[in-house]
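*Asks:* just need the structure, nothing else, for what follows:
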Amino acid sequence: MNNNKYNLGPVHWSRSALIVAAVAATLQGCEKLETKPKDPTVPSPDFVLSGLQYASEISLQRDQGRVMRSIISGNSRAGLGDLLDKSGNGGYAKINTPKYKFDDAGFMNASGSRYGGISAAGDLFFLTDVAAISTTFYAGVKVDETATAENPDGDIVYQKPDLTQNDYLCIEQTYFPSGADNKLTVQIHKATLNADGNGVLQRIGGTGVGAGSESRAITYSFDDEAILNWSDPPLDEAFDEVVQNAGYTLDCPVDNNGDPVYDPCRWSVRTLGGASPDGRVFHFSRVAWKEQVPVNPPEDDSPGNAEVGGWRPVASSAICLRTATNMANNVLQGEYWLGVVIEDQDIPQATFSRLTLDGAGAGVDSQIRASSGIATRDLSVSYNVESNGELSYSGRMGIVSGDGELLVFDASDPANGKIGFGVAMKNQKPAGQEE
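*Replies:* Just a heads-up that it's a prediction; the model follows:
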């Protein structure tokens, strides 16, 4: 366990506080990250609570993904770190106070081109960047610093979500290796996860050619800081081959005797993410990692030396929602904020919309923002919700959370050369931000 104190205190979710972390994270970009957390700043009256989040992100413009960790200290400052720093515990960087606002309509606007929505509990949010053609999905982590008989010093205890209460439906958008090219795909799986860390993925739909069988075994675990580690061997192997053959630079020195300093010394593929505290949602991204394990470990027993910083040359990101029962069309009713990222004839595009659903299977997608050169439009949509949360959205497959607050769907139109996905969150304007 990492014994650094983040001074989070007992967490009671604050949407305004979590939004600051989301906005700060998107402002970081590819700046060099530091490997030590910053001291907490003094809470301001407007942001009196703290929070920790893990995030998964995919950019169609860069054909790359990343996994991140964000900490806010109770005001409008946050630390953002790549989850794969030299010790595997996450790096941190100071970020200046970001500018953000809520539009009068209620959606989030960060740094000009990033728009999104947030859950009622404040533990989930997303931002779609219509300039970078990316979507970032964040899930909060619940921690407890209270001293107990098992934890007399009051060290931070990260609560690990339970992912075994029911099956999940997952949407993953991925650039699959295909010959010399990378092909964008969207796949939908049912995931059944067991308490022993094993599970099964059953493919039930999607767009594009994928890797792996229709049904395959996976493993998962949460480390001491509640970071989700996910292993899907067919995909890991497919991406590993691409990474090994991509020609990425890697320093593999030898000592004075000609023996390797690191073993192994190679590019690897890791899949990391997070989950909501109640386990209703989890997410992950598959990223490349410089795996350099010292032959003679230093005193701190550091397991490796991963390159620190921003985007990584593997693009794969998934969002999984726990299934429910007795669901129907009326679970989707009201106003949602919708981010869509697609490739249209291999050209990346993104839109952000107000999605209005009538609870009876019909709605309107009113686009508010779009990538440069794309005219916003109003589109009629249709939908049907199965009892377990499977969604048909204008003829494409998707998934709905049990409370109807979050939906994710395949936004592809393969007949017209469009492949992508959409994420929508019900309009939940935080208290105190009405004006």
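
*Asks:* low-confidence regions, the stretch 301-435 of the chain specifically.
*Replies:* Scanning the stretch 301-435 of the chain with the threshold set as pLDDT under 70 gives 301-313, 429-435.

*Asks:* and the helices in it?
*Replies:* Along the stretch 301-435 of the chain, counting by DSSP state H, counting those that start in this stretch, no stretch forms helices.

*Asks:* the strands in it, which residues?
*Replies:* If DSSP state E, counting those that start in this stretch is used as the criterion, the strands of the stretch 301-435 of the chain fall at 316-322, 333-344, 347-358, 362-370, 378-385, 390-393, 396-400, 406-410, 418-426.

*Asks:* of those strands, which is nearest residue 137?
*Replies:* Taking Cβ to Cβ as the criterion, residue 137 comes closest to strand 316-322 out of the strands of the stretch 301-435 of the chain, the separation being 5.6 Å. (Glycine included, C-beta is placed from N, CA and C.)

*Asks:* mind giving me the packing neighbours of the closest one?
*Replies:* strand 51-59, strand 134-141, strand 168-178, strand 281-294, strand 406-410 (3 or more Cβ pairs under 8 Å, 6 or more residues apart in numbering; DSSP states H and E).

*Asks:* if we use 6 Å, what do you get?
*Replies:* Strand 316-322 sits against strand 168-178, strand 281-294, with contacts defined as 3 or more Cβ pairs under 6 Å, 6 or more residues apart in numbering; DSSP states H and E.

*Asks:* what strands line up against that strand, and which way round?
*Replies:* Sheet pairing of strand 316-322 (DSSP bridges) gives strand 168-178 (antiparallel), strand 281-294 (antiparallel).

*Asks:* shaky segments in the stretch 1-150 of the chain?
*Replies:* In the stretch 1-150 of the chain (pLDDT under 70), the answer is 1-51, 70-102, 111-112, 145-150.

*Asks:* can I assume residue 240 is in contact with residue 270?
*Replies:* No. With contacts defined as Cβ atoms under 6 Å, residue 240 does not count as touching residue 270, sitting 10.2 Å away.

*Asks:* higher neighbour count, those two?
*Replies:* Set side by side, residue 240 and residue 270 show more neighbours around residue 270, with 23 against 18, by other Cβ atoms under 10 Å.

*Asks:* return the residues in contact with that one.
*Replies:* For residue 270, the contact set (Cβ atoms under 6 Å, 6 or more residues apart in numbering) comprises residue 289.

*Asks:* the helix or strand containing it vs strand 281-294, what angle?
*Replies:* Take DSSP states H and E as the rule and residue 270 turns out to sit in strand 262-275. In this structure, strand 262-275 runs at an angle of 170 degrees to strand 281-294, with axes from the mean of the first three to the mean of the last three Cα atoms, to 10 degrees as the basis.

*Asks:* list the buried residues for strand 262-275?
*Replies:* Burial within strand 262-275, assessed by neighbour count using 16 or more other Cβ atoms under 10 Å, is assigned to 262, 265-275.

*Asks:* bridge partners for residue 381, pull those for me.
*Replies:* In this structure, residue 381 has beta-bridge partners residue 363, where bridges are defined by DSSP bridges.

*Asks:* over to the one 4 residues further on?
*Replies:* With DSSP bridges applied, residue 385 shows beta-bridge pairing to residue 391.

*Asks:* ok, it - contacts?
*Replies:* Residue 385 makes contact with 327-329, 331, 391, 400 under the criterion Cβ under 6 Å, 6+ apart.

*Asks:* if I look at it, how far off is residue 120?
*Replies:* As defined by Cβ to Cβ, to the nearest Å, residue 385 lies at a distance of 19 Å from residue 120.

*Asks:* likewise residue 346?
*Replies:* As for residue 346, its distance to residue 120 is 38 Å (criterion: Cβ to Cβ).

*Asks:* with neighbour numbers in mind, choose between these two.
*Replies:* Looking at residue 346 and residue 120 with other Cβ under 10 Å, you find the greater number of neighbours at residue 120, namely 14 against 10.

*Asks:* burial count for the residue lying closest to that one once chain neighbours are set aside?
*Replies:* Residue nearest to residue 120 in three dimensions, not counting chain neighbours: residue 428, with 4.8 Å by Cβ to Cβ, 6 or more residues apart in numbering. Residues lying near residue 428 (other Cβ under 10 Å) number 19.

*Asks:* over to residue 193?
*Replies:* Here the number of neighbours of residue 193 (other Cβ under 10 Å) works out to 23.

*Asks:* same question for residue 377.
*Replies:* Applying other Cβ under 10 Å, we find 11 other residues in the vicinity of residue 377.

*Asks:* leaving out chain neighbours, which residue sits closest to it?
*Replies:* Nearest residue to residue 377 in three dimensions, chain neighbours excluded: residue 367, at 5.5 Å (Cβ to Cβ, 6+ apart).

*Asks:* got a list of what the one you found touches?
*Replies:* Taking Cβ under 6 Å, 6+ apart as the contact definition, residue 367 lies against 351, 353, 376-377.
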